[in-house]
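> test case, fold it:
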Amino acid sequence: MAMRKYDIAIIGAGPAGAVAAKFLLDAGLSVIVLEAAHFPRFVIGESLLPFCMNVLDKCGLTETIAAQAETQAFQFKNGAAFARGEQHCSIDFHDRFEDDGWSTTFQVKRDAFDQTLIDTVIKAGVPVKFGHRIIAADLAEGDCHLTWQDDNDQTGTIQAGFVVDASGYGRVIPKLRGNPNTASLMPRRALFTHMRDRITAPEYDRTKILITVHPDRHDVWYWLIPFADGTASVGVVYPLADPSAPTDAPDSRTQENDDALFARLLDETALGTLLKNAEQTHPLAAIASYSNGNDHLYGDGYVLLGNSAGFLDPVFSSGVTIALYSAELAAKALIARHNGDATDWENDFAKPLNAGIATFKSYVEAWYDGRLQQIIFNQPDRDLQLKRMVVSILAGYAWNMENPLVAKTDRYLNLLHELSL
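Below you'll find the predicted structure:
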């Protein structure tokens with residue numbers, strides 16, 4: 001029996017893979033998805049940005065997410081709150097530069113969110129093979145072969161005209177091709193967990209992610225992402241070589257030491273009081289040296305999406321946003337290719353994707369060097385238009401070149417910083 005050849009093989013069933021599959025299927029392409037893990041699985045990246053909803057709209061997945069919001073405890077989200085000592089700032093995503101597009105979104109438990117997306121894709125007709133790890137790839141435009149190995153050590157081959165790598169941190173194709181991602185920002189480490197938060201403070205707003213800065217260290221910050229069922233994702237990010245964390249030496253990173261460090265860092269901020277009655281519901285996890293990029297976003301017979309192409313930092317929740325937009329751009333190019341049109345991966349995919357990533361990266365760098373924190377906590381109210389430009393980026397609209405803070409990011413960040421002094 002001849003092996004079936006698919007138009008597109010997608011590695012990874014996370015948000016990027018699911019969205020790409022839905023776009024491609026709706027355009028009439030034959031698609032298969034291969035995923036190394038079994039869903040549902042625990043993963044962070046839970047605070048979506050409004051820009052995500054625009055992409056989900058285009059591939060017909062928004063209604064599915066909205067319909068599952070109540071049962072899956074997806075928390076309605078309309079903005080972000082920032083705290084540093086006695087300083088507080090709250091932004092509403094409605095106060096952004098653009099007049100169209102989404103201004104609200106959800107905070108989601110990623111196990112349920114990812115499962116919902118891929119289940120919808122499966123129901124639409126895309127075969128998804130869980131527990132299938134890619135161990136070899138022979139890639140050439142129009143004739144790609146992926147060798148998989150399942151949980152029972154059985155192996156097989158999938159043939160496709162093109163391969164989309166949406167494998168996230170697995171970065172399957174870069175690793176198989178000997179082209180690993182390179183560090184793009186200072187190495188940092190994150191500790192994180194889920195809690196039944198039991199927050200009773202009347203001023204606490206569950207419709208916003210809360211980002212707290214350490215009162216004495218502007219390079220140490222915390223996230224608190226509430227869900228609709230009274231639980232929350234809580235994490236702390238700090239430099240990998242942190243002199244204030246002597247128990248965090250590489251040779252002493254035990255679960256016990258991580259638990260102690262996490263508790264100490266929480267207690268050094270108002271979060272310790274806010275979460276005084278919280279009960280941890282998931283073992284503390286850690287990830288380090290996560291910021292990286294790749295100069296080769298595409299090649300002969302393949303393209304990289306989302307975290308497989310690179311990841312910046314969790315501070316502005318840009319990971320899923322970049323993943324979804326990369327899926328949209330890649331799908332457009334692959335649909336054009338399928339229809340016989342010329343495909344210019346550099347100008348139709350890499351350059352537009354990297355333009356927004358560069359904007360996010362400038363914001364991340366400005367956050368850690370203190371400029372953006374100064375802008376957020378001390379921004380003058382006299383120029384509401386500039387504030388709207390900032391809110392637009394924080395809502396994920398990093399590809400709107402009509403916004404001066406996108407077109408000339410560093411110039412306007414420096415201007416805003418000077419105005420806030």
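
> low pLDDT regions in the stretch 301-421 of the chain?
379-383 (pLDDT under 70).

> stretch 309-318 spans what distance, first to last residue?
14 Å (Cα to Cα, to the nearest Å).

> please read the previous query as pertaining to stretch 78-94.
So stretch 78-94: terminal residues 8 Å apart, Cα to Cα.

> what residues does it touch?
Around stretch 78-94, the neighbours that count as contacts under Cβ atoms under 8 Å, 6 or more residues apart in numbering are 50, 103-105, 205, 207-215, 218, 269-270, 373, 376-377, 379, 390-391, 394-395. Bear in mind the C-beta positions are built from the backbone N, C-alpha and C, glycine included.

> what comes up buried for that stretch?
For stretch 78-94, the neighbour count (16 or more other Cβ atoms under 10 Å) marks 78-84, 89, 91, 93 as buried.

> inside helices: which ones of the contacts of stretch 78-94?
Counting by DSSP state H, the part of the contacts of stretch 78-94 found in helices is 50, 373, 376-377, 390-391, 394.

> of these, closest to Ser326?
Pro50 (17.5 Å; Cβ to Cβ).

> and the closest one, how far is that from Phe93?
5 Å (Cβ to Cβ, to the nearest Å).

> okay, and the common contacts of the two?
103-105, 395.

> helix or strand: which one has Ala137?
strand 132-138 (DSSP states H and E).

> same check, this time on Lys387
helix 384-394.

> one step back: return the closest of the ones in helices among the contacts of stretch 78-94 with respect to Met186.
Gln373 (15.9 Å).

> for burial, what's the neighbour tally of that closest one?
As a burial measure, Gln373 scores 23 neighbours (other Cβ atoms under 10 Å).

> so it makes contact with Val213?
Yes: taking contacts as Cβ atoms under 8 Å, Gln373 lies within contact range of Val213: 6.2 Å.

> list the backbone torsions phi and psi for the closest residue to Asp114 other than its chain neighbours.
Excluding the flanking residues, the one nearest Asp114 by Cβ to Cβ, 6 or more residues apart in numbering is Gly14, at 5.6 Å. Main-chain dihedrals, Gly14, degrees, to the nearest 10: phi -70, psi -170.

> next up, the contacts around Gly14.
Going by Cβ under 8 Å, 6+ apart, the list of residues near Gly14 reads 43, 114, 166, 168, 306, 323.

> distance of it from Trp367?
25 Å.

> just how off-centre is the helix or strand hosting Ala232 within its chain?
Per DSSP H and E: Ala232 is located in strand 231-239. Mean-position distance between strand 231-239 and its chain equals 15 Å (Cα atoms, centre = their mean, to the nearest Å).

> and for stretch 347-361?
That offset, for stretch 347-361, works out to 15 Å (Cα atoms, centre = their mean).

> ranges for the strands of the stretch 301-421 of the chain?
302-304 (DSSP state E, counting those that start in this stretch).

> let me see the ranges of the helices in the stretch 301-421 of the chain.
306-309, 318-338, 345, 351-368, 371-378, 384-394, 404-407, 409-420 (DSSP state H, counting those that start in this stretch).

> including distance to Met186, could those go into JSON lines?
Formatted as JSON lines, the helices of the stretch 301-421 of the chain follow (distance: least, Cβ to Cβ, whole Å):
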{"stretch": "helix 306-309", "distance to Met186": "18"}
{"stretch": "helix 318-338", "distance to Met186": "17"}
{"stretch": "helix 345", "distance to Met186": "30"}
{"stretch": "helix 351-368", "distance to Met186": "7"}
{"stretch": "helix 371-378", "distance to Met186": "15"}
{"stretch": "helix 384-394", "distance to Met186": "21"}
{"stretch": "helix 404-407", "distance to Met186": "23"}
{"stretch": "helix 409-420", "distance to Met186": "18"}
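
> and Val234, which of the ones you listed is closest to it?
It's helix 318-338; of the helices of the stretch 301-421 of the chain, that one is closest to Val234 (Cβ to Cβ) at 17.5 Å.

> now that closest one: buried residues?
318-335, 337-338.

> mean pLDDT per helix and strand in this structure: which one sits at the bottom?
strand 182-183 (a mean of 72; mean pLDDT, DSSP states H and E).

> who does that one pair up with?
For strand 182-183, the pairing partners within the sheet under DSSP bridges are strand 292-293 (antiparallel).

> identify all contacting residues around the strand it pairs with.
181-184, 309-311, 357.

> and those residues, which are buried?
181, 184, 309-311, 357.

> JSON lines for those, including distance to Ala67?
Below are the buried ones among the contacts of strand 292-293 laid out as JSON lines (distance: Cβ to Cβ, whole Å):
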{"residue": "Asn181", "distance to Ala67": "36"}
{"residue": "Ser184", "distance to Ala67": "37"}
{"residue": "Ala309", "distance to Ala67": "31"}
{"residue": "Gly310", "distance to Ala67": "32"}
{"residue": "Phe311", "distance to Ala67": "30"}
{"residue": "Ile357", "distance to Ala67": "31"}
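
> closest one to Asp300 out of the residues you listed, please.
Nearest member of those to Asp300, counting by Cβ to Cβ, is Ala309, at 16.5 Å.

> distance check, that closest one against Ile322.
8 Å.

> Pro187 and Tyr238 touch, don't they?
No: taking contacts as Cβ under 8 Å, Pro187 lies outside contact range of Tyr238: 10.7 Å.

> and the two? Which one has more around it.
Tyr238 (21 against 13).

> identify the residue nearest the more buried one in space, chain neighbours excluded?
Val220 (4.6 Å).

> then Gln72?
Ala112 (4.1 Å).

> can you give me phi and psi for the one you found?
phi -70, psi -40.

> count of residues packed around it?
17.

> pretty sure it contacts Arg41?
No: counting by Cβ under 8 Å, Ala112 stays clear of Arg41, with 10.9 Å between them.

> next, format the contacts of strand 292-293 as TSV and append distance to Ala160.
Shown next, in TSV, are these (distance: Cβ to Cβ, whole Å):
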residue	distance to Ala160
Asn181	23
Thr182	28
Ala183	31
Ser184	30
Ala309	19
Gly310	24
Phe311	26
Ile357	27
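
> just to revisit the earlier point, how far away is the residue nearest to Asp114 from Ile211?
For Gly14 relative to Ile211 (Cβ to Cβ), the value is 24 Å.

> over to Ala80?
6 Å.

> now do Arg188
In terms of Cβ to Cβ, Arg188 sits 15 Å off from Ile211.
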